[in-house]
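Novice: sequence unknown, structure follows:
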DNA sequence: CTATATTAGTTAGCATAGCTAACTATATCG
DNA sequence: CGATATAGTTAGCTATGCTAACTAATATAG
């Protein structure tokens, strides 16, 4: 062995994997997002609605933080969701400054459909892989989830 | 075995992997993109510049297709890149309707730096995985590349 | 307990990035 | 040559991001 240091550094192998993972993630999401045109809603609205549906009701500020967006941006997204009957503002009991945002049944249904389209489309393509490749991919996704949990 | 059909379908296992891969890809890219603020350029410009730098000069229409965007959108992105000295339009010899777009040395340098920031940031976090996990991830990325090549 | 400071959200106004429709200029084809 | 097709641009709309400045409500200092 010519190289001493072996763990937790930015070696060429890790850089190569990072590079290719990055590129693959970009192209996968670009493909999958094409399915969303069927919803008639833009990406920011769908993403915020997804957080509401799967994370439950939360304040506008929490939603903005979850979407890594500033509050004024989220105000407008929530306005649009409310206009479309997909979410509603509910007064917070105890702190009148806060506004709870919750998905409506219509919003939940729309998101469910959008999600099934996206995930089903991706699954159809992953289905062309062998059983072994899918198993390896499953393990890799677990590693990625671990990386994300550790991220900050 | 209670289930007969085993290959190339949308079973619950594949759906689960698709779901988690989809989510992981979204969150990974959201993290990595934070690094781009250092460039002072927006995401559409950086992405188009990346295609130019790594794919070489091409016409505006080809660039629009590569970015899955309509020509008028790409016209404005190229205008902005040109204003910033990051790319330039070159007349196409042989067909005066076409315009070749090429990255300038300044554009190449800017993109190189942005890329190193993004990939390095991601690699640093992948570096917290074990050697075995990284190896599995590398194989999984190969599978994803295969899926993408087959996609359409 | 009032006066001040902090916090949550909104409003206003700007920039970027997407679209379609309509236009210009050039090529191609009958 | 004239009709048609193709490549880009222009104009104008929508969506989504930002900062600065505002309002309302809560928390805190004296």
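Specialist: In hand now; what should we look at? Bear in mind the structure is a predicted one, so any value in this text is a computation, not a measurement. Residues are numbered from 1 along each chain as shown, chains lettered A, B, ... in the order given.

Novice: List the residues that contact residue A:73.
Specialist: Taking Cβ atoms under 8 Å, 6 or more residues apart in numbering or on different chains, we find residue A:73 in contact with A:44, A:64. No exception for glycine: its C-beta is placed from N, CA and C like everyone else's.

Novice: correction: residue A:114
Specialist: By Cβ under 8 Å, 6+ apart, the neighbours of residue A:114 are A:35, A:36, A:38, A:39, A:41, A:46.

Novice: do residue A:88 as well
Specialist: A:82, A:101, A:102, A:104.

Novice: Once you drop chain neighbours, what's closest to residue A:92?
Specialist: residue A:98 (3.7 Å; Cβ to Cβ, 6 or more residues apart in numbering or on different chains).

Novice: And for residue A:85?
Specialist: residue A:106 (5.2 Å).

Novice: how near is the one you found to residue A:112?
Specialist: Distance, residue A:106 to residue A:112, using Cβ to Cβ, to the nearest Å: 11 Å.

Novice: same question, residue A:39
Specialist: 11 Å.

Novice: Residue A:59 too?
Specialist: In terms of Cβ to Cβ, residue A:59 sits 24 Å off from residue A:112.

Novice: out of those two, which sits in the busier spot?
Specialist: Taking other Cβ atoms under 10 Å in any protein chain shown, residue A:59 and residue A:112 do not tie; residue A:59 has more neighbours (17 against 11).

Novice: is it true that the more buried one touches residue A:94?
Specialist: No. Checked against Cβ atoms under 8 Å, the pair residue A:59 and residue A:94 is beyond contact range at 11.8 Å.

Novice: Need the nearest residue in space to the residue nearest the centre of chain A, chain neighbours excluded.
Specialist: Central residue of chain A (Cα atoms, centre = their mean): residue A:47, 6.6 Å from the mean position. Nearest non-adjacent residue to residue A:47, counting by Cβ to Cβ, 6+ apart: residue A:67, 6.2 Å away.

Novice: can you pull out the strands in chain A?
Specialist: A:58-59, A:87-91, A:99-103 (DSSP state E).

Novice: Please identify the deepest-packed of those strands.
Specialist: Scoring the strands of chain A by mean neighbour count under mean count of other Cβ atoms under 10 Å in any protein chain shown gives strand A:99-103 as the most buried, with a mean of 19.

Novice: Now for residue A:19: which residues touch it?
Specialist: residue B:119.

Novice: measure it to residue B:42 for me?
Specialist: 22 Å.

Novice: Does residue A:20 touch residue B:148 like I think?
Specialist: No. The criterion here is Cβ under 8 Å, and residue A:20 misses it with residue B:148 at 10.7 Å.
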